[in-house]
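Student: Sharing a sequence plus its predicted fold:
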Amino acid sequence: MFDDLRELYQEVIFDHNRNPRNFHVMDNADRQVDGFNPLCGDKLTLFLKLDGDTITDASFQGSGCAISTASVSLMTEIIKGKTQAQAEALFTTFHEMTTGKEEHINLEAVGKLAVLAGVREFPARVKCATLAWHTLDAALKNQHEAVSTE
Ligand code: ZN
């Protein structure tokens, strides 16, 4: 990865960590699931509003490291307006990208989420980046137990 691109990606992560998007409790959420990454201490609660099969709103609360906060902030932005199937497909693509299973990053598919591709070089941080998505997966499956990455 080119250094200037890396810098741009880091800038996006810092920005989302400083000013997380959709960072609030949602009243009358259709889905609410807690996620926890004991390895790092990242904690979040994800809230979703659904209209049939479509995610119409997403928000979160919690505290975590810069990677986990940026990841959940970006995720709540990108899943709004997506169907459940589209969101699950994004999770699969994101997981392949962050775990390095897919060498080539499909920018068209992941969009802004590409800024988190760098975590593949830091295996300990992969769970920080994927916590939000595991929590989303549980919420879409209508599970109520807290999600733990361990
Ligand atoms: Zn973390």
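Tutor: Here it is on my side, so go on.
Student: Please make it C-alpha for all contacts and neighbour counts, starting now.
Tutor: OK.
Student: following the longest helix along the chain, which helix or strand comes up?
Tutor: With DSSP state H setting the assignment, residue counts place helix 123-140 as the longest helix in the chain. Helices and strands here follow DSSP states H and E; after helix 123-140, the next one along the chain is strand 147-148.
Student: and that following strand with the ion, contact?
Tutor: No: against the ion, strand 147-148 shows no contacts by CA under 5 Å from the ion, the least distance being 12.6 Å.
Student: Make 25 the first number, not 1, from now on.
Tutor: From this message on, residue numbering opens at 25, which makes the last subject strand 171-172.
Student: got the contact list for that strand?
Tutor: Strand 171-172 has contacts (CA atoms under 8 Å, 6 or more residues apart in numbering) with Val57, Asp58, Gly59, Phe60, Asn61, Pro62, His158, Thr159, Ala162.
Student: now do 10 Å
Tutor: The contact list for strand 171-172 (CA atoms under 10 Å, 6 or more residues apart in numbering) reads 57-63, 67-69, 151, 155-156, 158-163.
Student: Spell out which residues of this protein are next to the ion.
Tutor: Contacts of the chain with the ion, taken as CA under 5 Å from the ion, map to Cys64, Cys89, Cys152.
Student: Could you export these as CSV, including neighbour count and pLDDT?
Tutor: Formatted as CSV, the residues of the chain next to the ion follow (neighbours: other CA atoms under 10 Å; pLDDT from 0 to 100):
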residue, neighbour count, pLDDT
Cys64, 14, 96
Cys89, 16, 96
Cys152, 28, 96
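Student: Break down the chain into its helices, ranges please.
Tutor: Counting by DSSP H, the chain has helices at residues 27-42, 90-103, 108-123, 131-134, 147-164.
Student: Columns distance to Asp75 on top of the ones you listed, output as JSON lines?
Tutor: Output for the helices of the chain, formatted as JSON lines (distance: least, CA to CA, whole Å):
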{"stretch": "helix 27-42", "distance to Asp75": "27"}
{"stretch": "helix 90-103", "distance to Asp75": "13"}
{"stretch": "helix 108-123", "distance to Asp75": "10"}
{"stretch": "helix 131-134", "distance to Asp75": "23"}
{"stretch": "helix 147-164", "distance to Asp75": "12"}
